[in-house]
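Colleague: Prediction below, plus the sequence it came from.
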Amino acid sequence: MASRRRVKTWFGIMVMWAVRVFFAVVLGFPFYWMLITTFKRNSDLYDLKNNPFILNELPTLDHLRWLFHETLFLRWVGNTLFAGTIVVVITLLLAVPAAYALARLTGAWGAQLGIGIFLTYLVPSTLLFIPLSKVISALGLQDSLWSVIVVYPTFTIPFSTWLLMGFFKSIPKDIEDAAMVDGLTRWGAFVKLMIPMSTSGILTVVIFAFTLVTQEFVYALTFISSANQQTVGVGVPTFLVRGDVFYWGSLMAACLITSLPIGVLYNIFLDKFIEGFTVGAVK
Amino acid sequence: MAVVETRKLTKVFKRGHLGAVNNVDLESREGEFLVLLGPSGSGKTTLLRMIAGLEEPTSGDILIGGKVVNDLTPRERRIAMVFQSYALYPHLSVYNNIVFPLKAQGVDKEGQRKQAEWATSLLGIQHLFERKPRELSGGERQRVALARAIVREPSVFLLDEPLSNLDAKLRASAREELEQFQKRLGTTTIYVTHDQVEAMAMGDRVVVMSQGVVRQIGTPTEVYDEPADTFVATFLGSPPMNIIPAEGVIAGFRPEHFLPPGVAERMGAHVSYDFHITHSEYLGAERILYGAIQGGPFDQHRVISRIPATHDADLADGSVHTFAVADRDLKFFDPQTEKRTTVRRLPS
Amino acid sequence: MIRRQRWLGPVMFMPAILYIAALVGLPFVMAFFYSVGDVKVGSVGYHFVGLRNFISVLHNPTFQIAVRNSFIFTITSQILVLVGSTTLALALKEAFPGRRFLRFIILLPWVAPVSIGSIGWKWILDSLYSVISWVLVRMHLVKAFDTPVWLGEPKLAMMSVILVHTWHMLPFATVILLAGLTAIPKDIPEAASVDGAGFFRTLFQITIPMMLPIINVAVLFGMIFTFTDMTVIYILTRGGPYDTTQVIPSLAFFTGILGSDLAEGAAISIFLVPLLVVVAYMVLRSAHRAEVT
């Protein structure tokens, strides 16, 4: 009995590790590929006789040098940071009070309204881009970075409001009651207590809004045609290609440099982010 | 003048439903420790929250210091409240929790420190200043919450079951401490609890509530010895009063007044019943006897007797003995309204 | 006091609502308006043309392919995602050395911008220098001069975009399922094993049924994000070769934005709405159920 059980356990552990390794390799491979391509000399890269998995010649920084000096890559990174910052500010200014109001001040229909707002997050860009492009040109923002700055909060506000509603709801009502008995107004309790107490939720929203600006593709592709107004998510795959010529080394370098920081950021707040999707279904 | 007064105070949460609080008239006196006692759902917390200004009354008035405060916000009522959960601000240190009400009032730094030191020295918690609430024990949290309540010397304290989060042992000592503390400060206090021991031990007067209605207001002795109705009679006391409906009246007597042979002889005018003991519990200081009356108007009614363990009569399970209740310990209630009646007719 | 602050709630949430109304609600209505008109880029007038755009779209063979592809694309990738993510979530449930690092690696395909990930795959699936082809040649499965053109043959291209999209969506479903798995109280599977259930019985009769609500969530969001996405296809194939990998969103983009026929593009996009409505209804239902329990 005992030995059969142990065999089964060993077998189980082996299967578990096989699954883990398989998925890690399949899911992580493109990033390894970006990494090795970044440092390969062209003569190595485009020689079919070479083993493509390793560096067959000495590594080179040429691709990185070209990326930073000869392309608009840094400009796109700058655009993305700039747009990200403003989108974060707009999102916080609108979503934080809205979430608090819907969680606390509006009773039962606040929850309904909250779900309604969340549903707008699901309305896809591929349904709205045509009319929105008219709205954008009516606002005089066509072919400008500002077009996406104005539009991205339509993703970030619904999701952030929903996420923060959960945060505010998890704070005991007693705390605000105590604050009001202690001499604060409702608004005072919100500013002096609720906001400081939900910093981790607010931080989650900040990172979410910021990364969304990097990840979004369809709106930036639709509204912006000039290379120097682009964000990194569209700039790299569309403007680093000259006609039909792909500078794979530099392209992969750009991909890697963009992906890794977002990956690290996301990992920090992942659990909070997932809560936004799983509210209600988990428990 | 009453410090806190309510007039026909009513709160209905859902239109068409029974009110959580119905037509409550209450007056608390200067310096008094007033306890609101009732089972859960009796409306006692809602009543307290209306006094604090955290719930809006459906109708009726609340007066603090003789002025109607219905339209004042909690901050304008200048009251202090200790919550069941203590509601300490988790991100602030103990010191900042305590001076929070002073900051909100715009008291200067020097004044804040002086008041905080005064409040904490009364409670013996100065050494906790730098801690965060999560690093405190239950008893410490309770003291910090109290310190936060007294720090600006309010005219009224409202306490919502402040001891219910403590474990049983700590609760007894905290109860005594809190009572002494209130006597020393002399601040009018309204205290909500569902624990009759707390109510009896601490209250100058006890307000017994059920289903949003005040059943009786009186000193602990009054509500225990002279219950206004069968609810009060059975809610107070453990085990509860024996309640026996008989022809045209409800008779009631407390288990500790239903006494065995040998004691009964000494108590003057009394009535006797044959008590068939079915089983008993030995609780150290006392014994609880369960059984039924045999014969007479109360035939087959289950009753409970509670006698001191020092009483060494042989009262074995299954035996029948003559037990007695003194006339003065028999209470009568109207069978329709279940309220006390002056009828002193014992069915025979 | 509640009476005196009734205005505070609306004041706090109205700005957010107005923003959403202006930039989601209004364009949403405009999309319908355009789809029954004759708007083109540069044109000024608007004439109501009834269902003409829809009729022309429905008769367009490319649209018919796009609809079929949309369903193949969504259903196939979601099945792969579901099976893969359930397996992976179960393998990641217990603590093990390197779990955090593994989670980071596994998450990358989803958090890296999808356009960037897709361009990485475009290099992996290159017609000449594909590393996959290189391996296949080394294994003598294909001949060196006859390597597959991954993105240039209709069947292979469709397969490629589906697999790349699966690669992108798998981490999202995995972390959602993982959240659901860790929420299952430990004592329930333990009780099952005490009751004599083996690994597979516990898995299929206890664990997976208990995960169903969360699997439901993962599938709902996965469907929406897949059915309405065009990024992977835009980067890898631009809908080609010969429109064989075109889906509804990408066709709307090529027609409405690049082709400047706003009306017909809008009409194509409208075909995304039925699925949206179904998913929205199901999200509402599960949210409602969560509130009741």
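Modeller: That came through, no problem. Residues are numbered from 1 along each chain as shown, chains lettered A, B, ... in the order given.

Colleague: Break the chain down into its domains, please.
Modeller: Answering for chain A, as no chain was given. According to automatic domain parsing, chain A comprises the domains A:2-60, A:74-244+A:255-277.

Colleague: Sorry, I should have been clearer: chain B.
Modeller: Taken from automatic domain parsing, chain B resolves into B:4-225, B:241-333.

Colleague: looking at these, which is closest to residue A:80?
Modeller: Of all those, domain B:4-225 sits nearest to residue A:80, with 32.6 Å by Cβ to Cβ. The way it works is simple: take the backbone N, C-alpha and C, and place the C-beta from them, glycine included.

Colleague: That closest one near chain A anywhere?
Modeller: Yes. Part of domain B:4-225 sits close enough to chain A to count as contact by Cβ under 8 Å from any Cβ of the partner chain, namely B:49, B:52-54, B:73-75, B:79-81, B:83-87, B:89-91, B:100-101, B:104-105, B:148, B:158.

Colleague: And chain A, is the longest helix seen in chain C touching that?
Modeller: Assignment by DSSP state H gives helix C:61-92 as the longest helix of chain C. Yes. For helix C:61-92, a contact with chain A is found by Cβ under 8 Å from any Cβ, at C:84, C:87, C:88, C:90, C:91, C:92.

Colleague: ok, the fifth one touching residue A:14?
Modeller: It stands for residue C:91. No. Judged on Cβ atoms under 8 Å, residue C:91 makes no contact with residue A:14 at a distance of 11.4 Å.

Colleague: In terms of neighbours, single out the busier of those two.
Modeller: Set residue C:91 next to residue A:14 and count neighbours by other Cβ atoms under 10 Å in any protein chain shown: residue C:91 wins out with 20 against 10.

Colleague: quick one, what contacts the closest residue to the more buried one other than its chain neighbours?
Modeller: Residue nearest to residue C:91 in three dimensions, not counting chain neighbours: residue A:19, with 4.0 Å by Cβ to Cβ, 6 or more residues apart in numbering or on different chains. Residue A:19 makes contact with C:87, C:88, C:90, C:91, according to Cβ atoms under 8 Å, 6 or more residues apart in numbering or on different chains.

Colleague: Put together a markdown table for these, with pLDDT on each row.
Modeller: A markdown table is the format used below for those (pLDDT from 0 to 100):
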| residue | pLDDT |
| --- | --- |
| C:87 | 91 |
| C:88 | 92 |
| C:90 | 87 |
| C:91 | 89 |
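
Colleague: And the furthest pair within the residues you listed?
Modeller: Farthest-apart pair in the contacts of residue A:19 is C:88 and C:90; separation 7.3 Å (Cβ to Cβ).

Colleague: of those two, who's got more company?
Modeller: Shown here are residue C:88 and residue C:90; by other Cβ under 10 Å, residue C:88 has more neighbours (25 against 20).

Colleague: What's the separation between that one and residue C:225?
Modeller: Distance, residue C:88 to residue C:225, by Cβ to Cβ, to the nearest Å: 18 Å.

Colleague: Equivalent analysis for residue B:273, please.
Modeller: Distance from residue B:273 to residue C:225, counting by Cβ to Cβ: 79 Å.

Colleague: More neighbours: those two, which one.
Modeller: Taking neighbours as other Cβ under 10 Å, residue B:273 and residue C:225 compare with residue B:273 leading, 21 against 18.

Colleague: give me the beta-bridge partners of the more buried one?
Modeller: residue B:323 (DSSP bridges).

Colleague: Tell me which residues touch it, please.
Modeller: B:293, B:294, B:295, B:296, B:298, B:322, B:323, B:324, B:325.

Colleague: so which of those is the most crowded?
Modeller: Neighbour-wise, the contacts of residue B:273 (other Cβ under 10 Å) top out at residue B:323, 26 neighbours.

Colleague: Check that one and give its pLDDT.
Modeller: Here the pLDDT value assigned to residue B:323 is 89.

Colleague: residues near residue A:151, how many?
Modeller: Residue A:151 has 25 nearby residues by other Cβ under 10 Å.
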